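Trainee: the sequence isn't on hand, but the structure is:
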């Protein structure tokens, strides 16, 4: 590979998920991120009550992310062949976990639950 | 400014800055010229070069000559031939990739007159040029295999994935039956130079893997047959493939050239050192001899003393410039260089020809050189591949040294082939990679 630019990366992801699904995911991720920033600014503090539930959801997010990538790329866990594969694999898991935590925290803040209502 | 406004402003500013700088760069470089440039071929090489030249030159008359309405993403054919992608995965419109400001003549070239500097087409049109880039791709000589014709593909255990998307899909029809029913599968390659020498190996590995997953490995007798004495042109890769074949139980028949098949009897004839050998098969994958299109040899553009049966364009290995006609360049499959009949090679060749062509128009010498870079994401099973990259000197030239090991079967290399390669290829076609 000669060079890897931001434009190439975008094109690669469009190819991986299909253009529609990719931009839908980008939109979804942006909405959740904006919602997260919104509740942080609104509350002026991180609520550790809400964060507990968000943390508990992290493993679920990690597994979902891995499952999603494996299905989209016709791969299996047994295909992991070297250190770089493990790093990529863990990276996907970490991203899924963080994404899920942000999602759960934001939803809890916006919708509220008895447990975390002030 | 609150935090959100700040972030929005930062993102928008960054995006705007990159747009402005990109545009300014392209305009500052553009060279005024009225040069007439003809590019024969609107495949990967011709299209990528045209897209780059329109950004570098202002006022040039660029004409592409190619009768093909469909552009083929050829690296995808191995995936089509194993049922991993549909046939339309590799097909797009030629016109979709061509930039504004170039002329596309949808005709077949009949001859080049390098002395008069003209190209004539089969409809009788003659065009003059100042600069000519010969990038028509190559011809698959299916007639060279006696008893074989393309209409046989897909039936009676015959596959031929190189012949195009539909033939690749039909290859899968025959190959999938073989993976279920078992028997002897023969995977061939030609004695001539060929596109992507890794493809016959990939097809072998994938068919073996698919049969294995279906629980049929016990019924399979996999045989790789090649006219050469080694499994791959690069010795260190050949040795690795030998080990993998041993591991998978793939037998080899080296120094054997497929010359004929008997489709009814399912029997293949090979030329050996001393004579011929007949082998019965249940599935055979045919890759025919490959040569330059007829006009190349007939127009006197070929090497006189090398590849005389294949007629590749005589050109400098480093600059791809014709050795006898300095206003002619060769690009892609048709170039008479020892390696480099892959899309990855094209990606590295195009900027070199662009550099020398633009420099020549300006009256100076170009500086870039091509050192034979070729890349082959060698699929060894569904989910794993080896990212093999090498040059003229048979040296490995990994793009990600220390991260992606070249001779290791990795998931990340599979991800590159399966999902990232087409995107990178498309970016190359647009002249942006």
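Mentor: Okay, I see it. Since the model is a prediction, treat every value here as computed from it, not as a measurement.

Trainee: the residue in chain B positioned nearest to chain A: what's it in contact with?
Mentor: Nearest residue of chain B to chain A (CB to the nearest CB) works out as residue B:383 at 3.3 Å. Using the backbone N, CA and C atoms, a C-beta is placed for each residue, glycine as well. By CB atoms under 8 Å, 6 or more residues apart in numbering or on different chains, the residues touching residue B:383 are A:74, A:75, A:76, A:78, A:79, B:411, B:414.

Trainee: likewise residue B:322?
Mentor: Contacts of residue B:322 by CB under 8 Å, 6+ apart are B:114, B:301, B:313, B:314, B:315, B:316, B:328, B:329, B:330.

Trainee: now pLDDT, secondary structure and neighbour count too, for those residues, in JSON lines please.
Mentor: Formatted as JSON lines, those follow (pLDDT from 0 to 100; DSSP: H, G, I helix; E, B strand; the rest coil; neighbours: other CB atoms under 10 Å in any protein chain shown):
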{"residue": "B:114", "pLDDT": "97", "secondary structure": "coil", "neighbour count": "17"}
{"residue": "B:301", "pLDDT": "97", "secondary structure": "coil", "neighbour count": "25"}
{"residue": "B:313", "pLDDT": "98", "secondary structure": "strand", "neighbour count": "27"}
{"residue": "B:314", "pLDDT": "98", "secondary structure": "coil", "neighbour count": "22"}
{"residue": "B:315", "pLDDT": "97", "secondary structure": "strand", "neighbour count": "25"}
{"residue": "B:316", "pLDDT": "97", "secondary structure": "coil", "neighbour count": "18"}
{"residue": "B:328", "pLDDT": "98", "secondary structure": "strand", "neighbour count": "24"}
{"residue": "B:329", "pLDDT": "98", "secondary structure": "strand", "neighbour count": "28"}
{"residue": "B:330", "pLDDT": "98", "secondary structure": "strand", "neighbour count": "29"}
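
Trainee: which bits of chain B sit near chain A?
Mentor: B:2-4, B:7, B:18, B:84, B:347-348, B:375, B:381-384, B:399-400, B:403-405, B:408-412, B:414-415, B:418-420, B:422-424, B:426-427, B:432-433 (CB under 8 Å from any CB of the partner chain).

Trainee: among those residues, which lie within strands?
Mentor: B:375, B:381, B:384 (DSSP state E).

Trainee: could I get the contacting residues of the residue lying closest to the second one once chain neighbours are set aside?
Mentor: Across the structure, with CB to CB, 6 or more residues apart in numbering or on different chains as the measure, the residue nearest residue B:381 apart from its sequence neighbours is residue B:209 (3.9 Å). Residues near residue B:209 by CB under 8 Å, 6+ apart: B:380, B:381, B:382.

Trainee: any idea which of those is the one closest to residue B:100?
Mentor: Nearest to residue B:100, judged by CB to CB, of the contacts of residue B:209 is residue B:382 at 40.7 Å.

Trainee: for the closest one, grab phi and psi.
Mentor: phi -60, psi 120 (degrees, to the nearest 10).

Trainee: per-residue pLDDT, it?
Mentor: Confidence at residue B:382, expressed as pLDDT, is 94.

Trainee: my guess is it contacts residue B:210. True?
Mentor: Yes - using CB atoms under 8 Å, residue B:382 makes contact with residue B:210 at a distance of 7.3 Å.

Trainee: give me the common contacts of these two.
Mentor: Common neighbours of residue B:382 and residue B:210 (CB under 8 Å, 6+ apart) are residue B:82.

Trainee: in what helix or strand does the closest residue to residue B:279 other than its chain neighbours lie?
Mentor: Counting by CB to CB, 6+ apart, the nearest residue to residue B:279 once its immediate chain neighbours are dropped is residue B:268, at 5.2 Å. Residue B:268 belongs to strand B:267-271 when assigned by DSSP states H and E.

Trainee: who are the packing partners of that strand?
Mentor: strand B:257-262, strand B:276-280 (3 or more CB pairs under 8 Å, 6 or more residues apart in numbering or on different chains; DSSP states H and E).

Trainee: quick one: buried residues of the longest one?
Mentor: Translated: strand B:257-262. B:257, B:258, B:260, B:261 (16 or more other CB atoms under 10 Å in any protein chain shown).

Trainee: tell me who's in contact with the first one.
Mentor: In this structure, residue B:257 makes contact with B:190, B:191, B:227, B:270, B:271, judged by CB under 8 Å, 6+ apart.

Trainee: partners of it in the sheet?
Mentor: residue B:271 (DSSP bridges).

Trainee: how many neighbours does the closest residue to chain B within chain A have?
Mentor: Distances between chain A and chain B by CB to the nearest CB are smallest at residue A:79, namely 3.3 Å. Neighbourhood size, residue A:79 [other CB atoms under 10 Å in any protein chain shown]: 22.

Trainee: from memory it sits against residue B:412, does it?
Mentor: No - the pair residue A:79 / residue B:412 is not scored as a contact, 9.8 Å apart, by CB under 8 Å.

Trainee: so which residues on chain A come close to chain B?
Mentor: A:1-3, A:5-8, A:11-16, A:34, A:37, A:41, A:72-76, A:78-82, A:84-85, A:88-89.

Trainee: low-confidence ranges, the chain, go.
Mentor: Using chain A here. For chain A, the stretches flagged by pLDDT under 70 are A:1-4, A:15-16, A:113-118.

Trainee: meant chain B actually
Mentor: B:1-28.

Trainee: which one is the spatially most central residue of chain A nearest to, not counting chain neighbours?
Mentor: Centroid-nearest residue in chain A: residue A:99, 2.9 Å away (criterion: CA atoms, centre = their mean). Computed as CB to CB, 6+ apart, the closest residue to residue A:99 that is not its neighbour in sequence is residue A:61, at 5.8 Å.

Trainee: in three-state terms, label that neighbour for me.
Mentor: Following DSSP: H, G, I helix; E, B strand; the rest coil, residue A:61 is assigned to helix.

Trainee: if you tally nearby residues, what's the number for it?
Mentor: Residue A:61 - counted by other CB under 10 Å - has 22 other residues nearby.

Trainee: my guess is it contacts residue A:92, does it?
Mentor: No - using CB under 8 Å, residue A:61 makes no contact with residue A:92, being 10.6 Å away.

Trainee: can you give me the strands in chain A?
Mentor: According to DSSP E, chain A contains no strands.

Trainee: just checking, what's the longest helix in it?
Mentor: Taking DSSP state H as the assignment, the helix of chain A that covers the most residues is helix A:83-111.

Trainee: in ChimeraX, select just the buried ones from the contacts of residue B:383.
Mentor: A single ChimeraX command selects the buried members of these (16+ other CB under 10 Å):
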select /A:75,79 /B:411,414
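
Trainee: can you list the contacts of residue B:383 in a markdown table and add distance to residue B:176?
Mentor: Below are these laid out as a markdown table (distance: CB to CB, whole Å):
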| residue | distance to residue B:176 |
| --- | --- |
| A:74 | 16 |
| A:75 | 21 |
| A:76 | 20 |
| A:78 | 22 |
| A:79 | 21 |
| B:411 | 24 |
| B:414 | 20 |
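
Trainee: name the nearest of the contacts of residue B:383 relative to residue B:253.
Mentor: Looking across the contacts of residue B:383 and measuring by CB to CB, the closest to residue B:253 is residue B:414, at 28.1 Å.

Trainee: how many neighbours does the closest residue to the closest one other than its chain neighbours have?
Mentor: Excluding the flanking residues, the one nearest residue B:414 by CB to CB, 6+ apart is residue B:385, at 4.4 Å. Residue B:385 has 28 neighbours, counted by other CB under 10 Å.

Trainee: all set, thanks.
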